[in-house]
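Undergrad: sharing a model that was predicted from the sequence below.
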Amino acid sequence: MIDKIVSSAAAALADVRDGATVMVGGFGTAGQPNELIDALIDTGARDLVIVNNNAGNGDAGLARLLALRRVRRIICSFPRQADSHHFDALYRAGEVELELVPQGNLAERIRAAGAGIGGFFTPTGYGTALAEGKETRVIDGRGYVLESPIHADFALIKAEKGDRWGNLSYRMTARNFGPVMAMAARTTVATVHEVVELGSLDPESVVTPGLFVQRIVPIDRVATTAGGFKRAA
């Protein structure tokens with residue numbers, strides 16, 4: 001019997017090792033798998049390569065992982081925001097490497113890895129510093145840059161519902177990078193707020209098939225009260 005449900009985030013990430021490449025879903029805080037990031041921190045793994053849309057917010061989640069100096073390199077689109085002070089300080093001190101990737105290119109490079117595509121030409125970045133060291137071509141009079149796929153050892157994503165086979169559906173924009181990251185990693189770990197019976201998910205609502213998911217971690221929903229405090233919902 002196939003059952004991909006794991007009892008805890010800690011158990012789901014127990015095999016993450018130093019030097020692993022880890023994709024982390026989320027657009028800022030939307031769809032960010034906070035419980036999995038905390039569990040990743042608890043593994044003690046170091047020298048990590050992180051692939052994410054941004055470089056952490058405030059002092060929690062990815063920002064905390066950076067602050068603890070567990071990240072060797074980050075591949076992202078938006079490394080600097082008003083509250084990305086941990087990344088900013090580390091980068092200025094030369095303690096973390098940055099590969100800056102335009103957001104559309106980032107999504108497509110991840111998708112290419114999952115689709116088995118060896119590379120693709122895009123006009124984004126042509127003629128800029130982002131194209132330095134990369135193959136370029138002029139096609140039908142327009143300049144293009146060859147971009148390579150991004151593969152990962154682990155993808156940490158957040159979904160809304162899932163079954164024991166790993167089929168996933170998402171909530172609104174929390175979907176963002178989750179589906180393509182699930183396809184691009186050797187091991188995909190997804191948190192879900194609701195585990196449903198097999199067959200209860202409408203096939204049309206399954207965004208990520210269980211083929212691309214290895215571990216499911218049920219989590220409580222966290223709501224914010226009027227006073228700004230978090231509580232389980």
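TA: Looks like it arrived, so ask away.

Undergrad: tell me, what residue is most central in the protein?
TA: residue 24 (2.1 Å; C-alpha atoms, centre = their mean).

Undergrad: burial count for residue 28?
TA: Neighbour count for residue 28, taken as other C-beta atoms under 10 Å: 14. The way it works is simple: take the backbone N, C-alpha and C, and place the C-beta from them, glycine included.

Undergrad: wait, doesn't it sit right on residue 57?
TA: Yes. Contact between residue 28 and residue 57 holds when scored by C-beta atoms under 8 Å: they sit 6.4 Å apart.

Undergrad: now do the shared contacts for those two.
TA: Common neighbours of residue 28 and residue 57 (criterion: C-beta atoms under 8 Å, 6 or more residues apart in numbering): residue 81.

Undergrad: need the residues that contact the longest helix seen in the chain.
TA: In the chain, ranked by residue count with DSSP state H as the criterion, the top helix is helix 103-115. Residues from elsewhere that reach helix 103-115, judged by C-beta under 8 Å, 6+ apart: 23, 51, 53, 75-78, 101, 117-120, 122, 124-125, 147-152, 177, 180-184, 212.

Undergrad: which of the residues you listed are buried?
TA: For the contacts of helix 103-115, a neighbour count by 16 or more other C-beta atoms under 10 Å gives the buried set as 23, 51, 53, 75-77, 101, 120, 122, 124-125, 147, 149-152, 177, 180-184, 212.

Undergrad: among those, which lie within helices?
TA: Within those, residues falling in helices by DSSP H are 180-184.

Undergrad: reformat those as a markdown table; add pLDDT and distance to residue 111.
TA: Output for those, formatted as a markdown table (pLDDT from 0 to 100; distance: C-beta to C-beta, whole Å):
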| residue | pLDDT | distance to residue 111 |
| --- | --- | --- |
| 180 | 97 | 4 |
| 181 | 97 | 9 |
| 182 | 97 | 11 |
| 183 | 97 | 7 |
| 184 | 97 | 7 |
